[in-house]
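*Asks:* please work out how this folds:
(one chain, ligands or ions: 1)
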Amino acid sequence: MTRLVILGKQGAGKGTQCVLLAAHYHIPHISTGDMLRAAVAQGSELGLEAKAIMDAGNLVSDELILGIVRDRLSQPDAQKGFLLDGFPRTETQAEGLLELLSPNSIDLAIDIRVPDDVVTARMLERGRTDDTPEAIARRLELYRAETAPLLDFFEVKCHFADVNGLGSESEVQGRIVAEIDGLK
Ligand code: AMP
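*Replies:* Presented below is the predicted three-dimensional model:
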């Protein structure tokens, strides 16, 4: 059983690392950003509601996010473990997650650390529709205000590790795998 939360700023490499880790540990990669983008592409009611919020770099409501995560975690493939990417992003979401999992919990929360100037350059290069300079600045501001406090939250509530997110994809993956395997 491997229930993992991957934390870090946008552009820290969470998505890339989660794809590699999902293949390595045979557990599903659950990205709330990917689920929201799929809803936007489908033009569903949820997508319509989320699009403007995402384009501005703001956070979709905790209630909506907890609803989609609850549905996703109830799927059969998530029963043997999962990698959460881009969730939780607020303390309400983190508390909601632990409530959903109770009496189980998260095995390890990992923070991928990358300085602001590096993530900003990476996001500008990525060129997603929500990667405008204004939206990037807003996301970093929200990260500091809402998401960074979760590092302490997970340090208290479960196992927590931080890894250096600079270097090649495989170097960063090696650091993360060492932390996960170190738990066993
Ligand atoms: P990401 O793919 O994780 O960079 O997310 C893209 C956008 O989706 C974010 O900027 C938010 O607008 C929204 N989003 C994704 N995950 C969450 C979440 N856990 N809580 C609130 N908004 C989210």
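*Asks:* neighbours around Gly47, how many?
*Replies:* By other CB atoms under 10 Å, 17 other residues sit near Gly47. C-beta here means a position set from N, CA and C on the backbone, and glycine is covered the same way.
*Asks:* can I assume it is in contact with Ala41?
*Replies:* Yes: counting by CB atoms under 8 Å, Gly47 touches Ala41, with 7.1 Å between them.
*Asks:* now the common contact residues for the two.
*Replies:* Counting by CB atoms under 8 Å, 6 or more residues apart in numbering, Gly47 and Ala41 have no contacts in common.
*Asks:* surely Glu169 is in contact with Gly13?
*Replies:* Yes: contact status for Glu169 versus Gly13: in contact at 7.3 Å, counting by CB under 8 Å.
*Asks:* the two: who's more crowded?
*Replies:* Gly13 (23 against 12).
*Asks:* ok, now which ones touch the residue nearest the centre of the chain?
*Replies:* For the chain, the residue nearest the mean C-alpha position is Gly86 (2.0 Å; CA atoms, centre = their mean). Residues in contact with Gly86 (CB under 8 Å, 6+ apart) are 10, 14-15, 31-33.
*Asks:* out of these, flag the one nearest to the ligand.
*Replies:* Nearest to the ligand among the contacts of Gly86 is Gly33, at 1.9 Å by CB to the nearest ligand atom.
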